[in-house]
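Q: next comes the sequence, and after it the predicted model I'd like to discuss.
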Amino acid sequence: MKPALTLLMLLWLGMAAPVHAAGKWVATPYAPARVVFEFYLDNPHKIGSALYWVRSLMNPLQEAPYNYSPEDLDIVVVIHGNEIVTVAKRNEAKYQDAVDRMRYYADLGVKFKVCGQAAADFGYRLEDFQDFIEVVPNAITELAHWQQLGYALIVPQIMEKTTDIDSIR
């Protein structure tokens, strides 16, 4: 092939190759959240990670361009797994960070509800829980109730991190 023809073909191929634009930022027009979180964890120490899901919902909605106040958000957390021990008063020192974070969210209007049946399985009574906890008859019935009222159900998936981010980038 002649050099001029080769150059012409390479130029043509270069123009035919697709040019990809960068991603773009989209500010989805979110309405104030109406969410029920289901916490059913196998390990009480995972509650910190589950609480990050609450934060991940609230923080963007309170920032620009949404600027919702905590009072605009309607968030319920239903607790019925091994994390129940974190909201028992006698375990406060052991789970102090989680208790402080839940109390902070409760002060912003997040409702924390514990399954009464699960609490009984753990040997807890109403007076055993932190003052921001509401005990309900049953977690599954409670979850159904909030969903029937139109609340979105979010179930945090808490995984064990086995690979560091740098090695998979």
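A: Thanks, I have it.
Q: ramachandran coordinates for residue 150?
A: Reported as degrees, to the nearest 10, the phi and psi values for residue 150 are phi 100, psi 10.
Q: so what pLDDT did residue 20 get?
A: Predicted confidence (pLDDT) for residue 20: 82.
Q: got the contact list for it?
A: If a contact means C-beta atoms under 8 Å, 6 or more residues apart in numbering, then residue 20 has no contacts. (Glycine included, C-beta is placed from N, CA and C.)
Q: doesn't it fall inside a helix?
A: No: checked against DSSP: H, G, I helix; E, B strand; the rest coil, residue 20 lies outside a helix; its state is coil.
Q: so what's the residue most central in space within the chain closest to, chain neighbours aside?
A: Centroid-nearest residue in the chain, with C-alpha atoms, centre = their mean: residue 53, separated by 1.8 Å. Nearest-residue entry for residue 53: residue 156, 4.2 Å, with adjacent residues in sequence omitted and distances by C-beta to C-beta, 6 or more residues apart in numbering.
Q: and residue 103, by the same measure?
A: Counting by C-beta to C-beta, 6+ apart, residue 132 is the residue found nearest to residue 103 once chain neighbours are left out, at 5.7 Å.
Q: would you check that the one you found makes contact with residue 102?
A: Yes: judged on C-beta atoms under 8 Å, residue 132 makes contact with residue 102 at a distance of 6.6 Å.
Q: what's the separation between the residue nearest to the centre of the chain and residue 109?
A: 17 Å (C-beta to C-beta, to the nearest Å).
Q: dihedrals phi and psi, residue 77?
A: Per degrees, to the nearest 10, the backbone of residue 77 is at phi -120, psi 120.
Q: beta partners for it?
A: Residue 77 has the following beta-bridge partners by DSSP bridges: residue 37, residue 112.
Q: tell me the contacts of it?
A: Here residue 77 is in contact with 36-37, 39, 54, 102, 105, 110-113 (C-beta under 8 Å, 6+ apart).
Q: CSV please, covering those residues and showing pLDDT, distance to residue 150 and neighbour count.
A: Formatted as CSV, the contacts of residue 77 follow (pLDDT from 0 to 100; distance: C-beta to C-beta, whole Å; neighbours: other C-beta atoms under 10 Å):
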residue, pLDDT, distance to residue 150, neighbour count
36, 98, 10, 23
37, 98, 15, 24
39, 98, 20, 26
54, 98, 19, 22
102, 98, 24, 23
105, 98, 21, 20
110, 98, 18, 23
111, 98, 16, 16
112, 98, 20, 22
113, 98, 17, 20
